[in-house]
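> have a look at this fold, sequence not included:
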């Protein structure tokens, strides 16, 4: 895999210095807090190469979060860059209404080939949020056409994250994200997060899994299966804290959905495209064949915005039969950039590289080492839990160091600051440190990440001891 050189920095450095002086005042960033809008002093990333990025001050930093769970093949992969450039030179855009373009047609065929079961029909969108939104709208449309207009309720889970459109945010179960933001609360019921670390004291993980399935069955009985359209779930809850459900949980939830005629939407925005050692983890890792599968992020290795909702052929056939030859029925959902040729070219090249270099095989091979090395952090007093799957992990500060929203945010930011000073970017999710590095990392790079993360957490612990927040 050819990586782009970082030697030519002169042209960027002056621009970076200017951005630093202006402090990025005009960009209203995701999750910005209004009272800090004029005080933000973010790190300005100027370039990237493989698993590292360089900021405007010339610091070389390991990209621990892999961008945002998405830079799966690393920064500066020339093959992807050239594929995008060549497509832009040939044909930069065509409308998805009324005409087709070659990159999107070939990509959809390829996605149908690598997706499990009969997932053959692909709706291309602009990212994970819009892919989930499209899937939810499709589930409602599907039931309307089949003459079941009352079957519109959705089931999600606490700590789930499915996006930032109104529908996808409604399905997200991170309560602290909803404090001052409206969602359609009457459309969704949230089940308990399948987090073994938070199970009741004295309960085995097997009993905990049983209790979660029982809760789902009880919820279906209370609401009525004839009113529930779909259950939406990440195989591993990502932004909710890398929550890995108990063994067998995902498959049992899927089987429960099948029993009650509830669509199963598998949100693989994060877990797909190699993160767990398979193109899609639903079937290969968890034994689930969803009715709709969602992909984004790693689909283009982060090189262009693109999402996909891949739909079961069974659902399409049911729709065809219900529609008959009625010309008034159409699924009025789509985006200007659905199937954007340049984004599709990036996705096709990503798939080509992953298959040629057996990236999924590399992930399966290095995962045990990555996860075992992360487990060594348990000896730091402030560490309460280390959990993960594949090349994604969360380190959670224990209860002695967290509590209120501001306390949780403070400990995460403290660890983040120390790690960045040591040359490692982590993603602080309140009192959690989240890492999802490029899938191409080596054991040596794993050691480097764990070493810097250890020193960062230890320094944060020393701060808390000095301030009397935790005991020595």
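Received the coordinates, thanks. Everything numeric in this text was worked out from a predicted model, so none of it was measured. Residues are numbered from 1 along each chain as shown.

> helices of the stretch 101-250 of the chain, start to end?
For the stretch 101-250 of the chain, applying DSSP state H, counting those that start in this stretch gives helices covering 102-114, 128-145, 166-170, 205-223, 249-259.

> I'd like to know which of these is closest to residue 188.
Of all those, helix 166-170 sits nearest to residue 188, with 5.7 Å by C-beta to C-beta. In short, each C-beta sits where N, CA and C put it, glycine included.

> what helices and strands are in contact with the closest one?
Judged by 3 or more C-beta pairs under 8 Å, 6 or more residues apart in numbering; DSSP states H and E, the packing partners of helix 166-170 are helix 128-145.

> as JSON lines, the helices of the stretch 101-250 of the chain with mean pLDDT, distance to residue 266 and mean neighbour count would be great.
Shown next, in JSON lines, are the helices of the stretch 101-250 of the chain (pLDDT from 0 to 100; distance: least, C-beta to C-beta, whole Å; neighbours: other C-beta atoms under 10 Å):
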{"stretch": "helix 102-114", "mean pLDDT": "98", "distance to residue 266": "14", "mean neighbour count": "18"}
{"stretch": "helix 128-145", "mean pLDDT": "98", "distance to residue 266": "10", "mean neighbour count": "24"}
{"stretch": "helix 166-170", "mean pLDDT": "97", "distance to residue 266": "14", "mean neighbour count": "20"}
{"stretch": "helix 205-223", "mean pLDDT": "98", "distance to residue 266": "16", "mean neighbour count": "15"}
{"stretch": "helix 249-259", "mean pLDDT": "98", "distance to residue 266": "8", "mean neighbour count": "19"}
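
> got any ranges where this structure has weak pLDDT?
Along the chain, segments meeting pLDDT under 70 span 1-23, 399-406.

> top helix in it by residue count?
Taking DSSP state H as the criterion, the chain has its longest helix at helix 443-466.

> and the residue nearest the centre of the chain, backbone torsions?
When C-alpha atoms, centre = their mean is applied to the chain, the residue found nearest the centroid is residue 270 (3.0 Å). Main-chain torsions, residue 270, degrees, to the nearest 10: phi -100, psi -50.

> before we move on, back to that, need the residues that contact the longest helix of the chain.
Here helix 443-466 makes contact (C-beta atoms under 8 Å, 6 or more residues apart in numbering) with 51, 62, 64, 366, 369-370, 373-374, 376-377, 380-383, 395, 401, 411, 414-416, 418-419, 421-424, 426, 433, 435, 437, 441, 470-472.

> now it, how far from the centre of its chain.
Mean-position distance between helix 443-466 and its chain equals 24 Å (C-alpha atoms, centre = their mean, to the nearest Å).

> tell me the buried residues in that helix?
Neighbour-count burial for helix 443-466, counted by 16 or more other C-beta atoms under 10 Å, picks out 445-446, 448-450, 452-454, 456-461, 463-464.

> please state the offset of stretch 168-184 from the chain centre?
For stretch 168-184, the distance to the chain centre is 17 Å (C-alpha atoms, centre = their mean).

> make that stretch 146-161, sorry
20 Å.

> mind putting the helices of the stretch 101-250 of the chain into CSV with distance to residue 305?
Below are the helices of the stretch 101-250 of the chain laid out as CSV (distance: least, C-beta to C-beta, whole Å):
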stretch, distance to residue 305
helix 102-114, 14
helix 128-145, 9
helix 166-170, 15
helix 205-223, 34
helix 249-259, 28
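
> who are the neighbours in contact with residue 131?
So residue 131 contacts 123, 125, 269, 294, 295, 296, 307, 308, 309 (C-beta under 8 Å, 6+ apart).

> how about it, nearest residue that isn't a chain neighbour?
residue 307 (3.4 Å; C-beta to C-beta, 6 or more residues apart in numbering).

> what residue of this protein is the furthest out?
residue 325 (39.0 Å).

> where's the closest residue to residue 184 other than its chain neighbours relative to residue 132, distance?
Distances taken as C-beta to C-beta, 6+ apart place residue 170 nearest to residue 184, at 4.5 Å, with adjacent residues excluded. Distance, residue 170 to residue 132, using C-beta to C-beta, to the nearest Å: 10 Å.

> nearest to residue 265, out of the helices of the stretch 101-250 of the chain?
helix 128-145 (5.2 Å).

> thinking again about what came up before, narrow the contacts of helix 443-466 to those that are buried.
For the contacts of helix 443-466, buried by 16+ other C-beta under 10 Å: 51, 62, 64, 366, 370, 373-374, 377, 380-383, 395, 401, 411, 414-416, 418-419, 422, 424, 426, 433, 435, 437, 441, 470.

> hang on, the earlier thing: contacting residues for the residue nearest to residue 184?
So, once contact is read as C-beta under 8 Å, 6+ apart, residue 170 ends up touching 154, 183, 184, 185, 187, 188.

> doesn't residue 168 make contact with the second one?
No - using C-beta atoms under 8 Å, residue 183 is not in contact with residue 168; the gap is 9.7 Å.

> those strands in the stretch 251-400 of the chain, which residues are they?
263-267, 292-295, 307-312, 383-389, 392-397 (DSSP state E, counting those that start in this stretch).

> which strands or helices does the next helix or strand after the last one pack on?
Once the chain leaves strand 392-397, the next helix or strand it forms, by DSSP states H and E, is helix 405-421. Counting contacts by 3+ C-beta pairs under 8 Å, 6+ apart, helix 405-421 is packed against strand 392-397, strand 427-429, strand 432-435, helix 443-466.

> any idea how this structure splits into domains?
Split into domains by automatic domain parsing, the chain comes to 10-75+358-466, 80-356.

> straight-line length of the longest one, end to end?
Translated: domain 80-356. This stretch, domain 80-356, spans 14 Å end to end (C-alpha to C-alpha, to the nearest Å).

> check contacts around the closest residue to residue 354 other than its chain neighbours.
The shortest distance from residue 354 to any non-neighbouring residue, by C-beta to C-beta, 6+ apart, is to residue 274 (6.1 Å). Applying C-beta under 8 Å, 6+ apart, one finds that residue 274 lies in contact with 72, 298, 354, 359, 360, 363, 439.

> okay if I get the residues you listed as JSON lines plus distance to residue 215 and neighbour count?
As requested, the contacts of residue 274 are arranged in JSON lines below (distance: C-beta to C-beta, whole Å; neighbours: other C-beta atoms under 10 Å):
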{"residue": "72", "distance to residue 215": "34", "neighbour count": "30"}
{"residue": "298", "distance to residue 215": "31", "neighbour count": "30"}
{"residue": "354", "distance to residue 215": "37", "neighbour count": "23"}
{"residue": "359", "distance to residue 215": "37", "neighbour count": "25"}
{"residue": "360", "distance to residue 215": "33", "neighbour count": "20"}
{"residue": "363", "distance to residue 215": "32", "neighbour count": "22"}
{"residue": "439", "distance to residue 215": "34", "neighbour count": "26"}
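
> just the ones of the residues you listed in helices?
Going by DSSP H, the helices hold 354, 359, 360, 363 from the contacts of residue 274.

> still on that earlier bit, what's the closest non-adjacent residue to the residue nearest to the centre of the chain?
For residue 270, ignoring the flanking residues on the chain, the nearest one in space by C-beta to C-beta, 6+ apart is residue 238 at 3.9 Å.
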